[in-house]
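Peer 1: Kindly return the folded structure for what I paste below:
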Amino acid sequence: MTRRLLLLLLPVMFLGLALFFYVRLSEDPTGRDSALMARDFPAFEATTLKDDQRRVDQSLLTGEVTLVNVWGEWCPACRQEMPQLLSLADRGIRLVGINYRDTREKGQAFLDEFGDPFAINIFDPEGELGFELGVIGAPETFLVDAEGVIRYHHKGYVSPEDVQGRLLPEVAKWR
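Peer 2: This is a model prediction of the structure:
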């Protein structure tokens with residue numbers, strides 16, 4: 001009797017587990033909230049894109065509300081969002097870039113071509129800081145409050161609608 005029950009339950013348990021994994025793995029990861037929300041920006045030490053001798057760390061992100069944008073020269077969506085980032089900088093919003101999985105030459109050429117809205121660019125050629133932030137692909141934008149705490153995470157391209165409907169209200173809320 002026990003063996004028969006076990007033989008009946010095993011396929012049912014297997015199907016239930018398979019269904020669970022199918023549903024979870026088919027979800028769009030961009031819809032999930034960042035695990036870093038309401039946490040301090042990860043500790044780091046890196047050089048800047050423009051100067052391989054200048055070192056910066058997470059203290060760079062304290063003192064004022066900052067949008068941190070993860071970008072790369074190789075990223076087509078990063079090209080598309082550059083006008084929106086330039087517009088945000090023109091409005092007096094502080095932006096810090098993370099040049100992600102790139103070379104200094106290509107990153108600088110990108111900024112020369114499309115403009116540079118960033119107060120500073122952190123150089124992350126191996127993607128180590130991106131990994132600490134849970135970046136799944138550029139572009140991604142984080143809003144960091146004046147105490148260095150991540151308050152908002154925007155995955156993907158920043159559209160003009162995102163500037164008006166999401167980023168500006170979030171910046172205003174945390175200023």
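Peer 1: Once you drop chain neighbours, what's closest to the residue nearest to the spatial centre of the chain?
Peer 2: Central residue of the chain (CA atoms, centre = their mean): Glu140, 3.3 Å from the mean position. Distances taken as CB to CB, 6 or more residues apart in numbering place Val70 nearest to Glu140, at 4.6 Å, with adjacent residues excluded. All C-beta atoms are positioned from the backbone trio N, CA, C, and that covers glycine.
Peer 1: Convert the C-alpha atoms of the helix or strand that contains the one you found to CSV, please.
Peer 2: Here Val70 sits within strand 66-71, counting by DSSP states H and E. This file holds the C-alpha atoms of strand 66-71, laid out as CSV (Å, rounded to 0.1, in the frame of the first residue of the first chain):
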residue,chain,number,x,y,z
THR,A,66,22.7,61.2,-7.8
LEU,A,67,21.5,59.1,-10.7
VAL,A,68,24.1,56.4,-11.4
ASN,A,69,23.9,55.2,-15.0
VAL,A,70,25.5,51.9,-16.1
TRP,A,71,26.5,52.2,-19.8
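Peer 1: What is it packed up against?
Peer 2: helix 76-90, strand 94-100, strand 140-144 (3 or more CB pairs under 8 Å, 6 or more residues apart in numbering; DSSP states H and E).
Peer 1: Tabulate those in TSV, adding columns for distance to Lys155 and mean pLDDT.
Peer 2: Shown next, in TSV, are these (distance: least, CB to CB, whole Å; pLDDT from 0 to 100):
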stretch	distance to Lys155	mean pLDDT
helix 76-90	11	98
strand 94-100	14	98
strand 140-144	5	98
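Peer 1: That concludes my questions; thank you for your assistance.
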